[in-house]
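Q: Need a 3D model of the following:
(one chain, ligands or ions: 1)
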Amino acid sequence: MRYVSTRGAGAPKRFSEILLEGLAADGGLYVPETFPKADLAAWRGLTYPELALRVLSCFIDDMPELETLVKRAYHPRVFGGEEVTPLKTLEPGLHLLCLSNGPTLAFKDIALQLLGELFESALERERSTLNILGATSGDTGSAAEYAMRGKRAIRVFMLSPHKRMSAFQSAQMYALQDANIHNLAVKGVFDDCQDMVKTVNADAAFKARHRIGAVNSINWARVAAQVVYYFKGYFAATKSDDESVSFAVPSGNFGNIYAGYVARAMGLPIKRLILASNENEVLHEFFRTGRYRVRREVLHTTSPSMDISKASNFERYVYDLTGREAARVRDLWRRLDAEGEFDISHSPYWPRVAQSGFVSGKSAHADRISTIRNVYQRYNAIIDPHTADGVKVGLAYREPGVALICLETAQPVKFAKTIRDALGRDPERPAEFLNLERLPQRYKLIEPDAAAVKRYIAAHS
Ligand SMILES: *Cc1c(COP(=O)(O)O)cnc(C)c1O
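A: Below you'll find the model as predicted:
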């Protein structure tokens, strides 16, 4: 399998060449030259690690150690059991696919645990090291740290806004005592953290000297890892390979649902990909109108991991809508950079949106609260606010005879306040997190200044 950039520059590359690279040099995102075909009959009935190996081998064919890495990433100890992503049936034809059984209780663990193994293996082969620099408002940072902790060739420098995350979220990160994990608590807000990362990355000489890398959601390995559980969920919810299902996906950067699109392109019988936005409805607007409009401001909501102003994986999908014409993608993104938006509703690409299976909806705070309540009353299950956005929009598109699988993207304990507001009670805590907030914490408080980050990295790498 070879990979090309959505903006078309450069020769096709092998997987191991794009793994550590992030964005392509022309500013585009890497996509496989073609989508491989699934073998449903052979894949049904496999365990999670077996299935992951079959799916991932379609995309990663130049890392002979892949099987070992997959077994390590999806070990039952890491994901609380053999199933990794168990299916919970609420009633016949309505399911939750539970993706948040990893170490940080959010679905990002599924991709990042694999990414940690892939990075370590690639760096060992090259005999080099990597300094991962990132900014987080919660889920991504902790998932990255738990994936990279204790890895000799990798250091993590994670910026987070001091005192602006939930007590649970900051304790999850700051309680890590591994020497290769550096939590930098910034006296500022998340946007300051993000700006600092951008400024450091803009200094090409510093970046090269200190081997600065990222684990952001545009890495193809993360997409590939997420394709696996669409197959797993399908097999668990159906009896035969001629049934179709629909998936409801709480969406932010379009990474999770794009993996579903890839699974569908590989031949998985997905009827609809139901995209749920929260109040930040950039993507819902696009799927409703054909207009993609980047926002200047992000609204801070009670499903914070879906709070986005633009969707970083979206370009991969648009590349396919254009019939894989990189020149058209370049045109559209030039317009986006100049005018903050583009509109494809009058282009030949627009009918392809419906053909690709996508529908969308939005969910606001009051919807989350009532959905959490309804699911609790009817099914005695507690779902987190992000999952609630997905369930709310998913139910609006439910059709008789087609199973609806709602992706559960985080455990409710991470967002206890919203659960209390909805149910008047606290969500249960898994035993290993009982004392989390009382563990000793280790972080470095820094000013909102990129120079301070550079000094810290230079002194610690
Ligand atoms: C990251 C995240 C999302 C959004 O996923 P995307 O891949 O960015 O669309 C939804 N829910 C939770 C809990 C998340 O952490």
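
Q: Buried residues of stretch 90-101, list them for me.
A: L90, G93, L94, H95, L96, L97, C98, L99, S100, N101 (16 or more other C-beta atoms under 10 Å). Glycine gets a C-beta too; all of them are placed from N, C-alpha and C.

Q: Which ones among those map onto strands?
A: L90, L94, H95, L96, L97, C98 (DSSP state E).

Q: quick one: which two of those residues are the most distant?
A: Farthest apart among those by C-beta to C-beta are L94 and C98. That separation is 14.0 Å.

Q: Thought L130 was touching A153, still the case?
A: Yes. The pair A153 and L130 passes the contact test of C-beta atoms under 8 Å, sitting 6.5 Å apart.

Q: and those two? which has more neighbours close in?
A: Comparing A153 with L130 by other C-beta atoms under 10 Å, the one with more neighbours is L130, at 24 against 18.

Q: gap between the residue lying closest to that one once chain neighbours are set aside and H365?
A: With C-beta to C-beta, 6 or more residues apart in numbering as the criterion, L130 has its nearest non-adjacent residue at 4.7 Å, and that residue is G213. To H365, G213 is 36 Å away according to C-beta to C-beta, to the nearest Å.

Q: cool, G260 as well?
A: Counting by C-beta to C-beta - G260 and H365 are separated by 26 Å.

Q: Please pull out the lowest mean pLDDT helix or strand from the protein.
A: helix 190-202 (a mean of 88; mean pLDDT, DSSP states H and E).

Q: how about that helix: buried residues?
A: Result for helix 190-202 [16+ other C-beta under 10 Å]: buried residues F190, D192, C193, Q194, D195, M196, V197, V200.

Q: Disregarding residues adjacent in the polypeptide, which is nearest to the second one?
A: Right, the one you point to is D192. Excluding the flanking residues, the one nearest D192 by C-beta to C-beta, 6+ apart is P448, at 4.1 Å.

Q: S217 too?
A: G255 (4.2 Å).

Q: wait, the one you found sits on S312?
A: Yes. Under the contact definition of C-beta under 8 Å, G255 touches S312, with a separation of 7.5 Å.

Q: Quickly list what's touching both of those two.
A: S217, I218 (C-beta atoms under 8 Å, 6 or more residues apart in numbering).

Q: Which one of the two is surrounded by more residues?
A: G255 (24 against 16).

Q: What is the neighbour count of the closest residue to the ligand within the stretch 1-150 of the chain?
A: Residue nearest to the ligand within the stretch 1-150 of the chain (C-beta to the nearest ligand atom): D139, separated by 3.6 Å. Neighbour count of D139, defined by other C-beta under 10 Å: 26.

Q: show me what contacts it?
A: Counted by C-beta under 8 Å, 6+ apart, D139 has contacts T104, A106, K108, Q169, S305, A410, K414.

Q: quick one, phi/psi of it?
A: With angles defined as degrees, to the nearest 10, D139 sits at phi -60, psi -40.

Q: same thing with G390?
A: According to degrees, to the nearest 10, G390 has phi -70, psi -40.

Q: what does the stretch 51-200 of the chain have sitting close to the ligand?
A: A106, K108, D139 (C-beta under 6 Å from any ligand atom).

Q: In terms of distance to G323, which of the residues you listed ranks first?
A: Closest to G323, out of all of those and judged by C-beta to C-beta, is K108, at 31.6 Å.

Q: Thought T140 was touching that closest one, still the case?
A: Yes. Using C-beta under 8 Å, K108 makes contact with T140 at a distance of 5.9 Å.

Q: neighbour-wise, which of the two wins?
A: More neighbours surround K108 than the other of K108 and T140, with 31 against 21 (other C-beta under 10 Å).

Q: mind checking how far the more buried one is from P250?
A: Counting by C-beta to C-beta - K108 and P250 are separated by 12 Å.

Q: just A224 next, same as before
A: 20 Å.

Q: Is stretch 353-373 positioned near the ligand?
A: No. Shown here: stretch 353-373 not in contact with the ligand (C-beta under 6 Å from any ligand atom), separated by at least 12.0 Å.

Q: what's the model's confidence in that stretch, averaged?
A: For stretch 353-373, the mean pLDDT works out to 98.

Q: Stretch 79-92 now?
A: Here the average pLDDT along stretch 79-92 is 97.

Q: so how far is the first residue of that stretch from its last?
A: Taking C-alpha to C-alpha, to the nearest Å as the measure, stretch 79-92 stretches 26 Å from start to finish.

Q: Please enumerate residues in contact with that stretch?
A: Residues outside stretch 79-92 that contact it (C-beta under 8 Å, 6+ apart): 47-49, 74, 76, 95-99, 101-102, 109-110, 229, 232-233, 236-237, 375, 378-379, 381, 405, 408.

Q: So which of the residues you listed belong to strands?
A: Using DSSP E, the contacts of stretch 79-92 in strands are H95, L96, L97, C98, I405, E408.

Q: Does the second one touch C406 like I think?
A: If I follow you right, that is L96. Yes. L96 is in contact with C406 according to C-beta under 8 Å; the separation is 5.4 Å.

Q: Quick check: neighbours shared by these two?
A: In terms of C-beta under 8 Å, 6+ apart, L96 and C406 are both contacted by the residues T387, V391.

Q: so what's L96 bridging to?
A: Using DSSP bridges, the beta-bridge partners of L96 come out as K88, C406.

Q: That one: what's it in contact with?
A: Here L96 is in contact with L87, K88, L90, A381, I383, T387, V391, I405, C406, L407, E408 (C-beta under 8 Å, 6+ apart).

Q: gap between F190 and I110?
A: In terms of C-beta to C-beta, F190 sits 23 Å off from I110.

Q: could you pull out the helices for the stretch 151-300 of the chain?
A: Applying DSSP state H, counting those that start in this stretch to the stretch 151-300 of the chain gives helices spanning 167-174, 190-202, 204-209, 220-237, 255-265, 282-289.
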